[in-house]
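[1] can't give you the sequence, but here's the structure:
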């Protein structure tokens, strides 16, 4: 897959994905902001501090050194788990649909597809100071069947613009087909 990284968003030039339809082209691949995996990092810092403290304070006791090392490793595994969930969860915008892929555990994944023709409105919001500082927000995709909420998306303004453009192109194509 050839891709360009622009403003924290992956713009895909050529890509294939599981379930791709004939003639379907990928426009954009994007993720939630990396801060959504901060819980794992906090666990790592906490366990590393506890483990490092045990190692430093009880360095004469070999068993406590191993307990400290184990705590650091547990913290690292929590961080890795959080990163894996973030990395394998993504959104895929094509010229036909919006696909949400969410990694729920190491072996569980859910996929939601939304045809662009069913999109009635797209809006976004940036939640206060933290959202502005780290450039993340929530995108609301409204359809007749219900709403799809894309929370904590990195660079919501750019993603919003791409979603609106893709939905508009589909609307124009449908109008042209109706006229024929």
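    Structure received. Since this is a predicted model, take the numbers as computed values, not measurements. Residues are numbered from 1 along each chain as shown.
[2] for the rest of this, base every contact and every neighbour count on C-alpha atoms.
    OK.
[3] show me the chain divided up by domain.
    As assigned by automatic domain parsing, the chain contains the domains 2-32+89-179, 38-83.
[4] could you say which of the ones you listed is packed most deeply?
    Highest mean neighbour count of the domains of the chain: domain 38-83, a mean of 17 (counted as mean count of other C-alpha atoms under 10 Å).
[5] give me the packing partners of the longest helix anywhere in the chain, helices and strands only.
    For the chain, the helix that runs over the most residues, judged by DSSP state H, is helix 62-87. With contacts taken as 3 or more C-alpha pairs under 8 Å, 6 or more residues apart in numbering; DSSP states H and E, helix 62-87 sits against helix 38-57, strand 97-103.
[6] related to what we said a few turns ago, switch the domains of the chain over to TSV; also include mean pLDDT.
    TSV is the format used below for the domains of the chain (pLDDT from 0 to 100):
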stretch	mean pLDDT
domain 2-32+89-179	84
domain 38-83	88
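[7] figure out which of the helices and strands packed on helix 62-87 is closest to residue 76.
    Closest approach to residue 76 among the helices and strands packed on helix 62-87 is made by helix 38-57 (5.4 Å; C-alpha to C-alpha).
[8] so which elements touch the closest one?
    Judged by 3+ C-alpha pairs under 8 Å, 6+ apart, the packing partners of helix 38-57 are helix 62-87.
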